[in-house]
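Novice: quick check, what structure comes out for this input:
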Amino acid sequence: MDGIRERQARRRRLDRLLLAWSADVESVLLPAFDAARVDEVVRWLRAADRPKAG
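Specialist: Sure, this is the predicted structure:
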């Protein structure tokens with residue numbers, strides 16, 4: 001019986017932690033999506049991944 005109570009208590013703690021974390025994440029303001037910036041970063045990453053000539 002104690003094992004069941006321990007699992008339930010652990011589940012309640014995890015639920016409270018997840019609720020607090022998700023509320024914190026939702027409060028973070030993210031910049032607007034910018035497709036041009038994504039393309040620029042992808043091109044930069046691909047160029048950085050290519051072996052250098054010479």
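Novice: give me phi/psi at Leu30?
Specialist: phi -100, psi 150 (degrees, to the nearest 10).
Novice: helices along the protein, start to end?
Specialist: 2-26, 35-49 (DSSP state H).
Novice: convert the C-alpha atoms of the last one to CSV, please.
Specialist: Listed next in CSV are the C-alpha coordinates belonging to helix 35-49 (Å, rounded to 0.1, in the frame of the first residue of the first chain):
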residue,chain,number,x,y,z
ALA,A,35,11.7,33.1,-42.7
ALA,A,36,14.4,35.2,-44.3
ARG,A,37,16.5,35.0,-41.1
VAL,A,38,16.0,31.2,-41.0
ASP,A,39,17.2,30.9,-44.6
GLU,A,40,20.2,33.1,-43.8
VAL,A,41,21.2,30.9,-40.8
VAL,A,42,20.7,27.7,-42.8
ARG,A,43,23.0,29.0,-45.6
TRP,A,44,25.6,30.1,-43.0
LEU,A,45,25.5,26.6,-41.3
ARG,A,46,25.8,24.8,-44.6
ALA,A,47,28.7,27.0,-45.6
ALA,A,48,30.4,26.4,-42.3
ASP,A,49,30.0,22.7,-42.7
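Novice: now it: mean pLDDT?
Specialist: The pLDDT scores in helix 35-49 average 91.
Novice: can you tell me how far Arg13 is from Ala20?
Specialist: 11 Å (Cβ to Cβ, to the nearest Å). C-beta: built from backbone N, CA, C; applies to glycine.
Novice: er, Phe33 I mean
Specialist: 27 Å.
Novice: settle it for me: which of those two has more neighbours?
Specialist: A direct count of neighbours by other Cβ atoms under 10 Å for Phe33 and Ala20 places Ala20 higher, at 10 against 7.
Novice: relative to Asp2, how far out is that one?
Specialist: Distance from Ala20 to Asp2, by Cβ to Cβ: 27 Å.
Novice: Arg12 now?
Specialist: Arg12 is 15 Å from Asp2, by Cβ to Cβ.
Novice: higher neighbour count, the two?
Specialist: Arg12 (10 against 6).
Novice: next, count neighbours for Leu45.
Specialist: For Leu45, the number of neighbouring residues by other Cβ under 10 Å comes to 9.
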